[in-house]
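A.B. asks: Have a look; sequence and predicted model below, questions after that.
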Amino acid sequence: MGSIVTPSPPLDVEGAFPEFAGRWKTTVRLHPRRADPGVRESSLGGPLLWPVGEAWPVCESEEDHDEPIVMVAVLQIFARDVPELVFPGGTDVFQLLWCPALHDDDCRPLPLVRWRAEASIGELLDNPEPPDDEAVEEDHVPVACSLSPERVRELPDAWELDDDLRDRVEGWAQERGWSYFAHLSAADGTKAGGWPEWIQDPQYPVCDCGTTMSHLVTVASREWDGESWRRWRPAGAVDGGMDAGLCLGDVGANYFFTCPRCPQNPPTMIFQCS
C-alpha cells in the first residue's frame, strides 16, 4: 500500500467560526487503485477470504431473473490496515458483497456483509467469476483495486449544518474563492468512518434499539466529483477519480451504517445519487 496524500484544508474554518469547535472527525480515505490484490489483502473488487465450507452467496430477492445472480465482491478491509473501523468482538476482517442487478426501481444493489476472524479461516473457497447475466449492471461490478488508507480530518457535510451557519460559512468561503460544500467539509470518495459526504439530505438510520447509527463505510462512484477536485484529488490520481469503474445510479454512493450499541447486527445501507 503506497502513500497517497490529500491536500490540506485551504481555509481555517474553525478559526473563523467557533461553532465548528469539536466537530472534527477522522475519516480513512481508502484510495482504490487498479491492481491485482491477494486474498489476504484489503481491496475493493479483489478476492475475498472465503471459507470453503461456506457457499458463495447468491441474490435472494424476489425479483424475476432466469437464474439466481451470484453476488460480487466489493470491499474487504483487514483491521491491521484500518483499525478505526468498528469490528465486532473477535473479528478482524470486514467483507462487503452485493448483487450487481438493479432492485426496487432506484438503481440500488442489494448488499451482504460478513465479519470474520482471519485466524479461524482454514481452507479457502475460490471466488467465482462475476456473473454473466443480462440483468447485471456492469457499472456495479468493481474493477479489482488495492487500497491505500489515508487518515484525513474532516468537518460535517454542509447538509448537516443548520441553515444559518451553512449560509454564513458558504458565503465566507466563496468570498475567498472556495466552497464549504465542495472543499471544506466531508471528504469525497470511498472511505471508512468520519462524516458521510451526502449527495442529498442526511438519512441516518435508527437501530431497533433506538440508537442512531454511525457511519461505517461509504462506497462511492468517484474519488472526487466536479469542483471538489481542487481539494480532494490527491497527488498522482487519475482523471475522473473512477479507478474502480463504479457508477452507482447517477454517479452516486452507497453509505453503510452500524449501531454503536449493537455492532453485531448487519449494517444498514443508504443509497443516494444526484
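C.D. replies: Great, that's in hand.

A.B. asks: where does the stretch 151-274 of the chain dip in pLDDT?
C.D. replies: The model of the stretch 151-274 of the chain has pLDDT under 70 over residues 236-242.

A.B. asks: Would you agree Leu124 is in contact with Gly53?
C.D. replies: No - between Leu124 and Gly53 there is no contact under Cβ atoms under 8 Å: 10.3 Å. C-beta coordinates here come from the backbone N, C-alpha and C atoms, glycine included.

A.B. asks: So which of those two has more stuff around it?
C.D. replies: Shown here are Leu124 and Gly53; by other Cβ atoms under 10 Å, Leu124 has more neighbours (14 against 9).

A.B. asks: Who are the contact partners of that one?
C.D. replies: Val39, Leu49, Trp50, Pro51, Val52 (Cβ atoms under 8 Å, 6 or more residues apart in numbering).

A.B. asks: List only buried entries from those.
C.D. replies: Val39, Leu49, Trp50 (16 or more other Cβ atoms under 10 Å).

A.B. asks: Quickly list what the spatially most central residue of the chain is bridged to.
C.D. replies: In the chain, the residue lying closest to the centroid (Cα atoms, centre = their mean) is Thr218, at 1.9 Å. Beta-bridge partners for Thr218, by DSSP bridges, are Lys191, Tyr255.

A.B. asks: For the buried ones among the contacts of Leu124, please prepare JSON lines with the additional fields distance to Glu223.
C.D. replies: As requested, the buried ones among the contacts of Leu124 are exported to JSON lines (distance: Cβ to Cβ, whole Å):
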{"residue": "Val39", "distance to Glu223": "25"}
{"residue": "Leu49", "distance to Glu223": "25"}
{"residue": "Trp50", "distance to Glu223": "27"}
